[in-house]
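Colleague: structure of the sequence below:
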Amino acid sequence: MTTDAQRATPYPGYIAGPQQPATLGVLLLILTEGIFFGLLFTSYFYLLSGSNQWPQGGIELPDLAVSSISTVLLLSSSLPMIWAEHEIRRGNTVALRVGYTMTFILGVAFLALLGYEFHSLPFKADENAYASLFYLIIAFHGTHVFVGLLMNIFVQLRAWLGHFDEHRHLAVQNVSWYWHFVDVVWIFIYLILYWTPHWYGPHA
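Modeller: Numbers count the residues shown, from 1 in each chain. Predicted coordinates for the structure are as follows:
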C-alpha cells in the first residue's frame with residue numbers, strides 16, 4: 001500500500017536496475033573514454049601508414065617481456081572482481097572484500113611495473129611520433145587504472161560499513177564494469193603499441 005509520504009517523493013528510496021541513473025552514467029563514461037582511446041589508436045595508425053619506417057629512426061623497441069607480465073597482471077585482476085560481484089549477489093560480503101582486495105593488489109602491481117617500464121624505456125617522449133604516442137596512450141591508460149583503484153577503495157570502505165547485500169550492490173556492479181573496460185582497452189594497447197612495431201620491424 002502506498003503511503004502519502006511515498007506519493008510525495010519523486011523518486012523511490014532505492015533505484016536499481018540497468019536503467020537507473022548511476023548505471024547510465026557509468027555506461028556513458030565508458031562510451032566517452034572508449035571514443036578517446038579510439039581516436040588515439042586512429043592517430044597511431046594514421047601516422048604509421050604515412051611513415052616509411054616505424055618507429056622512425058629505428059629506435060630500440062619496448063621490452064615485450066615486461067609488458068607481457070603487465071598484461072597478465074591486469075587481465076588477471078578482473079577474475080577476483082567477477083567472483084566478488086557474483087558472490088555479493090548472494091549476500092557474501094566477505095567474498096566481496098576479498099575479491100576487491102585481490103583486484104587492488106594486482107592493479108597496484110600493474111602500475112608499479114608500468115612505472116618501472118617508463119623509467120627504463122630506451123626512448124624519450126619527444127624522440128619521434130611513435131614515442132610521443134606511446135607515452136601519451138600509456139599515461140592516459142595508467143590514469144584510468146589509478147582512478148579504478150580509487151573506486152575500488154571506495155567500494156571496499158562501503159563494504160566494511162555494511163552498505164551492500166544481495167539486494168543492494170549497484171556500486172559494485174558499476175565499478176566492476178569500469179574496471180573490465182580498462183582491462184579490455186589494455187589488450188588493444190598491448191597489441192598496438194608493443195606488437196605492431198615488431199610486425200612492421202624497426203626498419204620496415
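Colleague: now do Trp160 against Val94, distance only.
Modeller: Applying Cβ to Cβ, to the nearest Å, the value for Trp160 to Val94 is 11 Å. C-beta here means a position set from N, CA and C on the backbone, and glycine is covered the same way.
Colleague: got it, and Ser49?
Modeller: Where Val94 is concerned, Ser49 sits at a distance of 52 Å (Cβ to Cβ).
Colleague: more crowded one of the two?
Modeller: Set side by side, Ser49 and Val94 show more neighbours around Val94, with 11 against 8, by other Cβ atoms under 10 Å.
Colleague: and the helix or strand hosting that one, what other elements does it pack with?
Modeller: Val94 belongs to helix 93-120 when elements are defined using DSSP states H and E. Packing partners of helix 93-120 (3 or more Cβ pairs under 8 Å, 6 or more residues apart in numbering; DSSP states H and E): helix 64-76, helix 78-88, helix 129-160.
Colleague: let me know the angle separating that helix from helix 129-160.
Modeller: 160 degrees (axes from the mean of the first three to the mean of the last three Cα atoms, to 10 degrees).
Colleague: give me the distance from helix 93-120 to the chain's centre.
Modeller: 11 Å (Cα atoms, centre = their mean, to the nearest Å).
Colleague: try stretch 35-43
Modeller: 15 Å.
Colleague: good, wrapping up.
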